[in-house]
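In: My questions are about this predicted structure, shown below with the sequence.
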Amino acid sequence: MRILLWIAALLVAPTMAHAAPCASENVETTLTGKSECLVLRTYKGAQAGAAPKLLVVVIHGDGSGGGPANYHFSTADKLAKRAELSSAVVVALVRPGYDDGAGNTSSGNNNNRSDHYTAVNIDEVAGVIAKLKQAYKPRRVILVGHSGGAATSALIIGRHPGLADGAVLVACPCHLDDWRQARNRPPWTRSESPHRWADKVPPTTRVIALTGTDDDNTGTGLAQDYVRRVTEKGVVARFEAIAGANHNAAFRTPQVEAAVVELARK
């Protein structure tokens, strides 16, 4: 019996070692999802006040080339400054295991920025969004994700139906098997794939998927297939190709802001 307990402890230990909830929480800077403390950067519209009508959560990509996960801060800032979103709180979230370049790191494991769309990581992000929703009590919640952040957003609306009212998916690798195969890369075995959760997205959720025509990473087909899958289940969704944009440039285009504004009006 002692041997069995010792083996069980060894198996659990690696998972427990990563658990690092926030010592103290601040709805604008740090929140614990389930077991991990995630870093936030908060931007508020001019009329957001204490009871904003809209919560927008912006989620970055994998950053496989290295460096901090902070490029989405500027997008969040731009969204908060739009007149149409003046009653919104916009939160740029830093995924588990990433740092923001300003000395703050979200706890958790990003597996060296590879094969890390795990159920654990997705649920950590969802847990933070649930706390933000509880704190701000907005009328609507919209997720805006780029690349791996788009996959994270797509997984959240499937795994946690009703948590968000809409999602803007930019350059989404929404079918992981096809994505890896098209790039001649080995399959990811730890990660959840958005296409497998497409039939769990509730019909009340709105989805807009955007991918650049010059995207040689995810291509346009993956997001188009995802939109087809959720549409077949009654979700109001559409795909828009961004002419001339590559994988990263697509996130900086006016179409992203326009998509958020569109979903905010629904």
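Out: Perfect, I can see it now.

In: State the distance from residue 96 to residue 129.
Out: Per C-beta to C-beta, to the nearest Å, residue 96 is found 13 Å from residue 129. For the C-beta atoms, the positions are set from N, CA and C on the backbone; glycine is no exception.

In: okay, the two: which has more neighbours?
Out: Legend: neighbour count by other C-beta atoms under 10 Å for residue 96 and residue 129, higher for residue 96 (27 against 24).

In: So what touches whatever helix or strand residue 43 lives in?
Out: According to DSSP states H and E, residue 43 maps onto strand 37-44. Here strand 37-44 makes contact (C-beta atoms under 8 Å, 6 or more residues apart in numbering) with 20-23, 27-32, 52, 70, 73, 76-77, 79-81, 88-96, 98-100, 104-108, 124-125, 128.

In: Over to stretch 225-244?
Out: Here stretch 225-244 has contacts from 154, 169, 172, 174-175, 178, 194-195, 198-199, 201-203, 205-214, 220, 223-224, 250, 253, 255, 259, using C-beta under 8 Å, 6+ apart.

In: returning to that earlier point: please save the CA atoms from the strand holding residue 43 in PDB.
Out: This file holds the C-alpha atoms of strand 37-44, laid out as PDB (Å, rounded to 0.1, in the frame of the first residue of the first chain):
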ATOM      1  CA  CYS A  37      -2.500  33.200 -11.100                       C
ATOM      2  CA  LEU A  38      -2.900  35.000 -14.500                       C
ATOM      3  CA  VAL A  39      -1.600  38.400 -15.300                       C
ATOM      4  CA  LEU A  40      -4.100  41.000 -16.700                       C
ATOM      5  CA  ARG A  41      -3.700  44.500 -18.300                       C
ATOM      6  CA  THR A  42      -7.000  46.400 -18.000                       C
ATOM      7  CA  TYR A  43      -8.200  49.300 -20.200                       C
ATOM      8  CA  LYS A  44     -11.500  51.100 -19.700                       C
END
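
In: That one: partners in the sheet, and parallel or antiparallel?
Out: The pairing partners recorded for strand 37-44 under DSSP bridges are strand 30-32 (antiparallel), strand 88-93 (antiparallel).

In: buried stuff in stretch 30-40?
Out: Residues 30, 31, 32, 33, 35, 36, 37, 38, 39, 40 are the ones in stretch 30-40 that count as buried (16 or more other C-beta atoms under 10 Å).

In: For beta bridges, what are the partners of the last one?
Out: With beta bridges defined as DSSP bridges, residue 40 has these partners: residue 93.

In: Can you read off the pLDDT for it?
Out: As predicted, residue 40 sits at a pLDDT of 98.

In: Verify the contact between residue 102 and residue 70 for me.
Out: Yes - if you go by C-beta atoms under 8 Å, residue 102 and residue 70 touch, sitting 7.5 Å apart.
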